[in-house]
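Dropping a prediction and its sequence here:
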Amino acid sequence: MQVKLFNRQRWKTRIELASATHDYIELWHNTRHRHSALGMLTPTEIEERWVKSQRRSLVP
């Protein structure tokens, strides 16, 4: 994150920096970065699997 986000731009306010940090995590990192602790899946893939399992448990 330091190299891909912080070292490439300067922000005028803390709000701009917070927004850029949020966007980086939610829009890039969580959708692409695989984690060994998650079985080499992305956080988004884990969340999608969880949502599907919850839907299945609601169906009678």
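Right, received. Where do you want to start?

can you map out the helices along this protein?
Counting by DSSP state H, the chain has these helices, from start to end: 14-23, 30-32, 43-58.

how about JSON lines for the ones you listed, with distance to residue 8 and mean neighbour count added?
Where C-beta positions appear, they are placed from N, C-alpha and C, glycine not excepted. Converted to JSON lines, the helices of the chain look like this (distance: least, CB to CB, whole Å; neighbours: other CB atoms under 10 Å):
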{"stretch": "helix 14-23", "distance to residue 8": "10", "mean neighbour count": "12"}
{"stretch": "helix 30-32", "distance to residue 8": "17", "mean neighbour count": "13"}
{"stretch": "helix 43-58", "distance to residue 8": "23", "mean neighbour count": "11"}
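
Lowest average pLDDT across these?
Sorting these by mean pLDDT places helix 30-32 lowest, at a mean of 84.

other SSEs contacting that one?
helix 43-58 (3 or more CB pairs under 8 Å, 6 or more residues apart in numbering; DSSP states H and E).

can you give me how far the helix it packs on is from the chain middle?
Here helix 43-58 is found 16 Å from its chain centre; the criterion is CA atoms, centre = their mean, to the nearest Å.

what comes into contact with it?
For helix 43-58, contacts defined as CB atoms under 8 Å, 6 or more residues apart in numbering pick out 29, 30, 31, 33, 35, 38, 41.

Which among these count as buried?
29, 30 (16 or more other CB atoms under 10 Å).

Just list the residues touching the residue nearest to residue 42 when sequence neighbours are not counted, thanks.
For residue 42, ignoring the flanking residues on the chain, the nearest one in space by CB to CB, 6 or more residues apart in numbering is residue 34 at 5.7 Å. Neighbouring residues of residue 34 by CB under 8 Å, 6+ apart: 40, 41, 42.

residue contacts, the first one?
If a contact means CB under 8 Å, 6+ apart, then residue 40 has residue 34 as its contacts.
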